[in-house]
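*Asks:* here is my input; please provide its structure:
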Amino acid sequence: MPRSAEPFAWPTLGLIGAVHAIWIASLFLPAAIAIPFLAAVIALYASLQHEVIHGHPFRNQALNVALVWPAYTLVVPYLRFRDTHIAHHQDAVLTDPYDDPESNYLAPEVWERLPPLARRVLTLNNTLLGRILIGPIVGTTVFLWWEVKRLRQKEPGIAEGWLAHLPPLGLTVLAVALSPLPFWAYAIGVYAALSILRIRTYLEHRAHEHCASRTVIIEDRGLLAFLFLNNNFHVVHHMHPEVPWYRLPALYRSSPDRYLRRNQGYRYGSYADIFRRYLLRAKDPVSHPLSGK
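*Replies:* Predicted coordinates for the structure are as follows:
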């Protein structure tokens, strides 16, 4: 059912409320317990921010944004997440190292110019284990580098996005500072959450000549699928970005052949399958294999 047919996405609203409550409660737990709770709840919060970008839970987008105003992830301003993600949804440029802000590939000419150490780091980052261990550092560094470059070029929306990030960031840091939880424990929780999110983005798109065949289906209904709000049914989401997260599995089950024909069988049975295949082995090259063709 399209979002427009529903007055509001009540499961999303309820989940947002639960996430805020668990986040607050985690600040009062012992560090060893708080860290895994924060890792899960902050990863889920980022997935809820993604739902808001696509117009949930209410039809009033200003109200939606207010629900995910706190900067629990610290490093990614919501408005910049919104703008880059909307640009990412231009399927014709998916995986393009210049035009897709969420691409994990580099242009071949950029790869060729990198020093050996940088190549080794990025090659490690292309294994699933590397993406989990160093992916947040690599991804955040690249993101900030591009943000500074765009800011210097006075690209519209960059400065505004970062300025709007300062109040929620300040309040988030203040809340942690006033809580019993040490800030180092909160920082570890944030890093772990970003690591979890790297599992989702690890292979959700591939380089392929046909743009419709670049987006994955992962038929998983476990904990990771929940933390990602069913974004593992990724080709379904790209085809129906207005559909809320809790309707994606049924939409896929209603016509799996349709979606698998569209992405030419780019499918995995579960995240366990992905871990078995790619924990220590890179699925893709860092250099975009079709760039320039």
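
*Asks:* now the strands for this structure?
*Replies:* Using DSSP state E, the strands found in the chain span residues 217-218, 267-268.

*Asks:* these: which one's closest to Arg253?
*Replies:* Using Cβ to Cβ as the criterion, the shortest distance between Arg253 and those is 11.3 Å, found for strand 217-218. C-betas here are computed from N, CA, C, even on glycine.

*Asks:* counting by contacts, list what the closest one packs against.
*Replies:* Helices and strands touching strand 217-218, as assessed by 3 or more Cβ pairs under 8 Å, 6 or more residues apart in numbering; DSSP states H and E, comprise helix 234-239, helix 256-262, strand 267-268.

*Asks:* and these, which is most packed in?
*Replies:* The highest mean neighbour count among the helices and strands packed on strand 217-218 belongs to helix 234-239 (a mean of 23), with neighbours defined as mean count of other Cβ atoms under 10 Å.

*Asks:* picking that back up, can you redo the strands of the chain as a markdown table with mean pLDDT and distance to Arg152?
*Replies:* Supplementary listing: the strands of the chain in a markdown table, determined by pLDDT from 0 to 100; distance: least, Cβ to Cβ, whole Å:
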| stretch | mean pLDDT | distance to Arg152 |
| --- | --- | --- |
| strand 217-218 | 98 | 38 |
| strand 267-268 | 98 | 40 |
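
*Asks:* need those in JSON lines with distance to Arg200, can you?
*Replies:* Listed next are those as JSON lines, based on distance: least, Cβ to Cβ, whole Å:
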{"stretch": "strand 217-218", "distance to Arg200": "9"}
{"stretch": "strand 267-268", "distance to Arg200": "12"}
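
*Asks:* closest to Pro108 out of these?
*Replies:* Between Pro108 and those, the tightest spacing by Cβ to Cβ is seen for strand 267-268, at 27.1 Å.

*Asks:* state the distance from His238 to Leu27.
*Replies:* Using Cβ to Cβ, to the nearest Å, we find His238 at a distance of 36 Å from Leu27.

*Asks:* before we move on, what about Ile199?
*Replies:* Computed as Cβ to Cβ, the Ile199 to Leu27 distance reads 25 Å.

*Asks:* of these two, which one has the most company?
*Replies:* Neighbours were counted for Ile199 and for Leu27 using other Cβ atoms under 10 Å; Ile199 has more, 21 against 18.

*Asks:* any idea of the pLDDT on the more buried one?
*Replies:* At Ile199 the predicted local confidence, pLDDT, stands at 98.

*Asks:* ok, now which ones touch Ile274?
*Replies:* Residues in contact with Ile274 (Cβ atoms under 8 Å, 6 or more residues apart in numbering) are 128, 199, 202-203, 218, 268.

*Asks:* distance to Ala177 added to those residues, as TSV?
*Replies:* Rendered in TSV, the data for those read as follows (distance: Cβ to Cβ, whole Å):
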residue	distance to Ala177
Leu128	35
Ile199	30
Tyr202	34
Leu203	38
Ile218	38
Tyr268	42
